[in-house]
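Peer 1: I'd like to go over a predicted model; first the sequence, then the structure.
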Amino acid sequence: MSQSDPHPMYPSHRRLVRSRSDRWLAGVCGGVADYAGIDANLVRLLVVLGTVLGLGSLLLVYVVAWVLMPQE
């Protein structure tokens, strides 16, 4: 164990933030994708499908995330 990394067994602290670079509207999907380690286009597709199939309820969740998530 080295002196520079006191906790090698624990992953680095990740924060859920809106992306500045991978964004189409507000960066919410890009931030969620970065946090989850998946492709941002997949997240966008799921948001669109969830919005259409959920009669717009996921759109409200997106807007709330836009307001509450800090920007990167």
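Peer 2: Nice, I can see it. Numbering: from 1, shown residues only.
Peer 1: What residue, apart from its backbone neighbours, is nearest the spatially most central residue of the chain spatially?
Peer 2: Most central in the chain under CA atoms, centre = their mean is residue 32, positioned 1.2 Å from the mean C-alpha point. Nearest in space to residue 32, with sequence neighbours left out and distances taken as CB to CB, 6 or more residues apart in numbering, is residue 43 at 5.3 Å. Quick note: C-beta positions are derived from backbone N, CA and C, even for glycine.
Peer 1: in the host helix or strand of the one you found, what counts as buried?
Peer 2: Residue 43 is located in helix 40-53, with elements delineated by DSSP states H and E. Residues 40, 43-44, 47, 51 are the ones in helix 40-53 that count as buried (16 or more other CB atoms under 10 Å).
Peer 1: From the chain's centroid, how far away is it?
Peer 2: 13 Å (CA atoms, centre = their mean, to the nearest Å).
Peer 1: same for it, what does it pack against?
Peer 2: helix 28-36, helix 57-68 (3 or more CB pairs under 8 Å, 6 or more residues apart in numbering; DSSP states H and E).
Peer 1: about what we covered before: now do the same contact list for the residue nearest to residue 32.
Peer 2: 29-30, 32-33, 36 (CB atoms under 8 Å, 6 or more residues apart in numbering).
Peer 1: Now do residue 39 against residue 61, distance only.
Peer 2: 20 Å (CB to CB, to the nearest Å).
Peer 1: and residue 64, what is it in contact with?
Peer 2: So residue 64 contacts nothing (CB under 8 Å, 6+ apart).
Peer 1: mean confidence score for stretch 32-43?
Peer 2: For stretch 32-43, mean pLDDT is 94.
Peer 1: list the contacts for residue 39?
Peer 2: By CB under 8 Å, 6+ apart, the neighbours of residue 39 are residue 33.
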